[in-house]
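> Sequence below, structure please.
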Amino acid sequence: MDLAFLGETLLRLASAIPTTLELAFVSVSIGLALALLLALLRASSVIGAACVRAYVFVFRGSPLLVQIFLIYYGLGQFDAVRESFLWPFLRRPWWCAILALALNTAAYGSEIIRGGLAAVPAGSIEAGRVAGMSRFTLYRRIVLPLALRQALPAYGSEIIIMVKSTSLASIITITELTGTARQIVSDSFRAIEVFVCAGLIYLAINFVLTRAVLLLERTLTPHARGVPR
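Have a look, this model is predicted:
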C-alpha cells in the first residue's frame, strides 16, 4: 500500500468537498422550499393536487441522470430559452446541476412532507380552530411545526441521498468529489485506492449529517430526550 499516494489523494479529494457540500446545500434548500409549496398546493385544491401528482410522477419515475442530461443538453435547443434572461444561468453546468437536483428532491420531499401533514393529529387542528386561529396562523403555529417534526427522519434520509446524488454532477464537467476522483484515476490509473478514499469521504460526510439530523430530531421531540413536555 502506497501511503504517500493515499495521503496525496485524500488531500486532492478534500479540496473538492466544499463543491460537493455547496451543491447539496443549495439544491436541498431550494428543493425543500419547493417541496413545501407542492405539499401545500396538493392539499389546497383538486386541480393543484392533480398537477402536483403529475410532477411527482415524472421526477420520481425517471432517473436523475436523465433529468440532468435533459436540462443540460436539452434546454439549449429551444430558442425561447436561449433568448430568455435564464440563459446566462442555464448555459452553465453548475446551475443546470442545481436545477436538476432541486427539482428531483422537491418531488421526493413533497411526498415526505405530505406524509407529515397527514400525521398531524386532528385534535391539534381542532384546538387551534377553537382558539380562533386563522388558517395561516393555524398552519404556521400548529400544522407545519408538527408535520415537519414527523417528516424529519425521512427527510434526513433524503438529504443523505442528495449528497450522494451530487456525484452525478461530474457527468456534466463539474469537478466535485467524484469528478475529482475520476481525474485522479485518469492520471494515476489506480481506481481502487482513489475510489475507496472517495467513498470514505462520503461516509464521513453522511455520518456527520446523520448525527446532525438525529440531534435536531431529539431537540424537536422533548420526550425522546427524557424532558417532560
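
> Secondary structure element for residue 146, which one?
Per DSSP states H and E, residue 146 falls inside helix 144-165.

> Tell me which other helices or strands that helix touches.
helix 17-44, helix 93-118, helix 191-220 (3 or more Cβ pairs under 8 Å, 6 or more residues apart in numbering; DSSP states H and E). Every C-beta, even on glycine, is put in place using the N, C-alpha and C of the backbone.

> Single out the most deeply packed of those.
Mean neighbour count (mean count of other Cβ atoms under 10 Å) peaks for helix 93-118 among the helices and strands packed on helix 144-165, with a mean of 22.

> tell me the angle it makes with helix 144-165.
Counting by axes from the mean of the first three to the mean of the last three Cα atoms, to 10 degrees, helix 93-118 points 140 degrees away from the direction of helix 144-165.

> what's downstream of helix 93-118, the next helix or strand?
Trace forward from helix 93-118 with DSSP H and E and the next one is helix 122-130.

> and residue 129, how many neighbours?
Neighbourhood size, residue 129 [other Cβ atoms under 10 Å]: 13.

> wait, what's in contact with the closest residue to residue 214 other than its chain neighbours?
In space, and not counting its chain neighbours, residue 214 is closest to residue 156: 7.8 Å by Cβ to Cβ, 6 or more residues apart in numbering. Taking Cβ atoms under 8 Å, 6 or more residues apart in numbering, we find residue 156 in contact with 209, 210, 213, 214, 217.

> Check residue 88 and give its pLDDT.
In this model, residue 88 is scored at 89, pLDDT.

> and the nearest residue to residue 30 once chain neighbours are set aside, what does it touch?
Nearest residue to residue 30, sequence neighbours excluded (Cβ to Cβ, 6+ apart): residue 102, at 4.0 Å. Residues in contact with residue 102 (Cβ under 8 Å, 6+ apart) are 26, 27, 28, 30, 31, 34.

> go on, residue 62?
If a contact means Cβ under 8 Å, 6+ apart, then residue 62 has no contacts.
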